[in-house]
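Engineer: I need the structure of the sequence given here:
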Amino acid sequence: MSSELRLKKLRGSGGFVMAQVSDDQQRKGNLGGPDLFLAPIGRLDVQLISKYFCNTCEKDYEGGPKIEFENPNEEVAQNLILKERGQYVCTTCGSTIAEYREFQKVGEVGLAKPIAPEQPSIPAASFEQPVVIPTPPPAVNMTPVQSADSTFSSITGMAVYDSNAKRVGIAKQVGIDSSHQVVLVITKNDGSDQTIEWAKIKKIGEIILLGDGSSESSALCKCGFENKPGSKFCESCGTKL
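Structural biologist: Residues are numbered from 1 along each chain as shown. Predicted structure coming up:
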């Protein structure tokens with residue numbers, strides 16, 4: 001495996017940096033697509049950063065931004081420790097270029113803390129795939145979801161980024177809306193809440209990355225039949241979608 005460092009552009013919510021990174025760091029920063037992201041990589045050696053761009057200043061700067069960090073060593077879930085939390089800050093205006101969090105796993109990771117009161121569970125599923133609920137629970141508005149095997153609660157507090165690497169908010173909770181669909185509720189940068197369909201989540205790692213919404217999702221009928229994207233009527237029962 002090559003250990004050669006390569007100059008790469010690493011994007012953040014408030015700009016980007018140009019830095020020498022290893023193959024392993026490139027894999028961490030690759031969340032899908034052509035761009036590399038700074039948040040999953042964590043803290044870089046500032047000497048390896050050749051320049052950065054600040055969105056607030058709308059200007060390039062030679063050298064690296066200021067890196068501020070702390071080591072809370074906080075257990076955020078069973079056997080999951082938040083070792084470091086930090087941010088890259090513009091040396092001129094003080095704006096945040098990117099934020100990151102580094103975790104340490106000890107054994108099998110369990111439920112996030114604090115553990116919410118027990119709620120109806122859904123089958124364990126990968127965060128990277130849309131969730132289909134075969135038997136919807138009774139219609140309620142935003143019922144919180146918790147699973148004993150693959151808990152959704154553990155993503156609470158994660159930073160949420162759109163497809164352009166712009167931070168849009170913080171994950172608040174996962175729930176089921178009045179249409180019996182799994183959704184992610186985020187607290188936006190302005191403090192308001194926004195509901196996002198689970199199928200629009202592209203990937204979840206140390207951050208939550210949203211897709212660009214260009215791909216059509218399948219049309220799920222009330223009878224449970226999953227139709228092709230763009231279908232106007234259910235192919236099974238004929239109900240209008």
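Engineer: and the residue nearest the centre of the protein?
Structural biologist: I208 (0.4 Å; C-alpha atoms, centre = their mean).
Engineer: beta-bridge partners for it, please?
Structural biologist: Counting by DSSP bridges, I208 is bridged to V160, I204.
Engineer: residues contacting it?
Structural biologist: 155, 158-161, 171, 184, 201 (C-beta atoms under 8 Å, 6 or more residues apart in numbering). The C-beta positions use only the backbone N, C-alpha and C, and glycine is treated the same way.
Engineer: can you list the weak-confidence ranges in this structure?
Structural biologist: Within the chain, the ranges that satisfy pLDDT under 70 run 1-3, 107-154, 178-180, 212-219, 228-230.
Engineer: so P72, which of the three states?
Structural biologist: With DSSP: H, G, I helix; E, B strand; the rest coil as the basis, P72 sits in coil.
Engineer: which residue is the nearest non-sequential neighbour of it?
Structural biologist: L82 (5.6 Å; C-beta to C-beta, 6 or more residues apart in numbering).
Engineer: how about L44?
Structural biologist: A19 (5.5 Å).
Engineer: next one: L184
Structural biologist: Closest residue to L184 apart from its sequence neighbours, by C-beta to C-beta, 6+ apart: I196 at 4.7 Å.
Engineer: what lines up beside the helix or strand encompassing the one you found in the sheet?
Structural biologist: Here I196, judged by DSSP states H and E, is contained in strand 193-197. Sheet pairing of strand 193-197 (DSSP bridges) gives strand 182-188 (antiparallel).
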